[in-house]
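# Return atomic coordinates for the entry below.
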Amino acid sequence: MTRERRLVIALGVNLVLVVGQIIFGVVAHSLGLMADAAHNLTDAAAVGLSLFAVHLTRRRATAKRSFGYHRSTTLAAHANAALLLLVTAVIVVEGIRRLLHPDVVHGGVVAIVASVALVLNLAAAALLLDGSHDLNMRSSLLHMLGDALASAGVVLAGVVILVVGGAYWLDPLISIVIGVIIGYQALHLLGQTTDVLLESTPAGLDISALALAMQSVEGVAAVHDLHVWTLSSDLYALSSHVIVDGHPTLEAARVVGERVKGVLRVEFHIDHATLELECEPCHESDHDPCGVNDVNALASHTGHDH
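Sure thing, here's the model as predicted:
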């Protein structure tokens, strides 16, 4: 099943849940259900944004956007994470207000509606769990899992309120706890997308090992001015100066370059590599805008800065 179809189904599930939870949240006077409805409404917007971003990635590169629209999925994930934080803040503030002035909550209605929402959210999350490392899909999956967790908490609160015939404070308390957990996950996702947008070295990539692998290729004397960054969650890019042994012909130098690209593709999953082949080190400006003049300095500065 394609990413688009998975997202369309998840969008439909969210829209159905929003309508149902708002109606029954008002009837049951449940902040938990209303918070879950608000979260699902945010999810509907987030999944719609993710769907639009996936559509954008299919557009061809242009003179204005030479890399195409690959970053659109990262931007969507970034916006989704920020939106999650905003909704979390609203839920926590309202939860504190309800703790101070608790309302009567109809536990039976809350438990039944939240149970249905839990099942639907888990089904949507399973649908979005496609095994990819796409931050855009992960952001949508995070929304679904957050909703499932929220629904589980609301079910628990509803059952306890129904059984004991009181403890109405449990409904807003569960909402606050859920909001904090979701907020933490959203901050983590926001950090990941920020790294991509800042063109940081891809997480988990050992740039020292990469440089050594390039230098071990037959015909390579040294590597410098090495930069690796992420275009999107599943697309890495690299640029580097590669010093070749001796003074080979253009054809021989290109063979060395292809060997290096082969190592990058097979061992590091880097398909977009731009190499400048040199017979001797070029003299770089003292005012390098990236502040890096050799691969050793790059490794020492960025080896753990992801």
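# Go ahead and confirm Phe24 touches Ser115.
No. Phe24 is beyond contact range of Ser115, at 11.6 Å (criterion: CB atoms under 8 Å). C-beta: built from backbone N, CA, C; applies to glycine.
# higher neighbour count, these two?
Phe24 (21 against 16; other CB atoms under 10 Å).
# what helix or strand does the more buried one sit in?
helix 3-28 (DSSP states H and E).
# go on, Gly191?
Assigned by DSSP H and E, Gly191 falls in helix 170-197.
# can you give me how far the lengthiest strand in the chain is from the chain middle?
Using DSSP state E, we find that the single longest strand of the chain is strand 220-232. In terms of CA atoms, centre = their mean, to the nearest Å, the centre of strand 220-232 is set 24 Å apart from its chain centre.
# Can I get that strand in CSV, CA atoms only?
The C-alpha trace of strand 220-232 is given here as CSV (Å, rounded to 0.1, in the frame of the first residue of the first chain):
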residue,chain,number,x,y,z
VAL,A,220,42.7,8.1,-3.5
ALA,A,221,45.5,10.0,-1.7
ALA,A,222,43.4,12.1,0.7
VAL,A,223,40.0,13.7,1.3
HIS,A,224,39.2,17.2,2.5
ASP,A,225,36.4,19.8,2.6
LEU,A,226,34.0,16.9,3.3
HIS,A,227,30.3,17.8,4.0
VAL,A,228,27.4,15.3,4.5
TRP,A,229,23.8,16.4,5.1
THR,A,230,20.2,15.2,4.8
LEU,A,231,18.0,16.3,2.0
SER,A,232,15.0,14.4,3.4
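# mind listing the strands for this structure?
Under DSSP E, the chain gives strands at 220-232, 235-244, 272-278.
# In terms of secondary structure, what does the last one contact?
Applying 3 or more CB pairs under 8 Å, 6 or more residues apart in numbering; DSSP states H and E, we find strand 272-278 packed against strand 235-244, helix 250-268.
# Pairing partners for it, with directions?
strand 235-244 (parallel) (DSSP bridges).
# again with the first one
Within its sheet, and counting by DSSP bridges, strand 220-232 is paired with strand 235-244 (antiparallel).
# what residues does the strand it pairs with touch?
70, 202, 205, 214, 219-231, 253, 256-257, 260, 264, 268-282 (CB atoms under 8 Å, 6 or more residues apart in numbering).
# what do you get if the cut-off is 6 Å, keeping everything else the same?
70, 202, 219-231, 253, 256, 270, 272-278, 281 (CB atoms under 6 Å, 6 or more residues apart in numbering).
# Dump the C-alpha coordinates for it into CSV.
Coordinates of each C-alpha in strand 235-244 appear next as CSV, following Å, rounded to 0.1, in the frame of the first residue of the first chain:
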residue,chain,number,x,y,z
LEU,A,235,18.0,10.9,1.1
TYR,A,236,21.5,11.8,2.0
ALA,A,237,23.9,14.1,0.1
LEU,A,238,27.7,14.6,0.1
SER,A,239,30.2,16.9,-1.3
SER,A,240,34.0,16.6,-1.0
HIS,A,241,37.4,17.3,-2.5
VAL,A,242,39.2,14.1,-3.4
ILE,A,243,43.0,14.1,-4.0
VAL,A,244,43.9,11.3,-6.5
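# Tell me what angle it forms with helix 250-268.
140 degrees (axes from the mean of the first three to the mean of the last three CA atoms, to 10 degrees).
# residues of strand 235-244 that come out buried?
Using 16 or more other CB atoms under 10 Å as the test for burial, strand 235-244 gives Leu235, Tyr236, Ala237, Leu238, Ser240, His241, Val242, Ile243, Val244.
# Now for the closest residue to Asp36 other than its chain neighbours, how many residues are close by?
Counting by CB to CB, 6 or more residues apart in numbering, Asp36 lies nearest to Ala150, which is 4.9 Å off, once chain neighbours are set aside. Summarising burial for Ala150: neighbours were counted as other CB under 10 Å, giving 30.
# If anything else comes up later, I'll come back, but that's it for now.
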